[in-house]
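S.K.: one predicted model, sequence on top.
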Amino acid sequence: MTTDLPQARQQGLMRTLNTVGHKAAVNVFMVVVLAHWAEHLTQAVQIYVLNWPRPEAGGVLGLWIPWLVTSEWLHYGYAIVMLVGFWVLRHGFTGRARTWWTVALGIQIWHHFEHLLLLLQAVTGANLLDKKVPTSIAQLMFPRVELHLFYNAIVFVPMVVAMVYHLRPTVEERARMLCSCALERV
């Protein structure tokens, strides 16, 4: 009997990320999410507090590498990292935490689709409704900066709710957990 070694390794990695490595994996994921939030909030401060023109307001990263923050590849890359992170780490959540994590995953699926649409337009040069720049569906109604603040918020809120429930599970949820993320009872 032979085993498919790459598949076995993948299953082993998934198991590790959702059991003994769940706490570390979720913490790394949260650092990535918070760094992304910091970029968007910095961009909002640059626009609304410092009155910078929108093209010059690129967050912290945009100050050092302006071409990168205008790249749809960067934004799509982040969207796919988020999608994969939500999917992979979801298996370590139970009960109410899993429900809220799944809500965040569902919203991220749509957010990913919007970024895929933007990337395809940037790559092909064929923009939605012949707009001058790549445009997402929701961007037809809302400016991009505000739209991304909104998207990040509606993904982040259920993610935080999931984390709170995950750290403070009910007795039943704790019994089903395969990781050590839950806080000790006091």
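M.R.: Great, that's in hand. Residues are numbered from 1 along each chain as shown.
S.K.: what helix or strand does the residue nearest to the spatial centre of the chain sit in?
M.R.: Among the residues of the chain, the one closest to the centroid is Met82, at 3.2 Å (Cα atoms, centre = their mean). Element membership of Met82, judged by DSSP states H and E, is helix 72-90.
S.K.: after that helix, which helix or strand is next?
M.R.: Toward the C-terminus, helix 72-90 is succeeded by helix 95-124 as the next helix or strand (DSSP H and E).
S.K.: how far off helix 72-90 does that following helix point, in degrees?
M.R.: Between helix 95-124 and helix 72-90, the angle comes out at 160 degrees (axes from the mean of the first three to the mean of the last three Cα atoms, to 10 degrees).
S.K.: okay, the next helix or strand after helix 95-124 in CSV with CA atoms only?
M.R.: Following helix 95-124 in sequence order, the next helix or strand is helix 144-167 (DSSP H and E). Extracted as CSV, the C-alpha positions of helix 144-167 are listed here (Å, rounded to 0.1, in the frame of the first residue of the first chain):
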residue,chain,number,x,y,z
ARG,A,144,-12.3,52.9,-3.2
VAL,A,145,-10.7,54.1,0.0
GLU,A,146,-14.0,54.2,1.9
LEU,A,147,-15.1,50.9,0.3
HIS,A,148,-12.0,49.1,1.5
LEU,A,149,-12.3,50.5,5.0
PHE,A,150,-15.9,49.2,5.0
TYR,A,151,-14.8,45.8,3.6
ASN,A,152,-12.1,45.4,6.1
ALA,A,153,-14.5,46.4,8.9
ILE,A,154,-17.2,43.9,7.9
VAL,A,155,-14.6,41.1,7.7
PHE,A,156,-12.8,42.1,10.9
VAL,A,157,-15.8,42.4,13.2
PRO,A,158,-17.0,38.8,12.9
MET,A,159,-13.4,37.7,13.0
VAL,A,160,-13.0,39.5,16.4
VAL,A,161,-16.2,38.0,17.6
ALA,A,162,-15.0,34.6,16.6
MET,A,163,-11.7,35.2,18.5
VAL,A,164,-13.5,36.3,21.6
TYR,A,165,-15.7,33.2,21.6
HIS,A,166,-12.7,31.0,20.8
LEU,A,167,-10.7,32.4,23.7
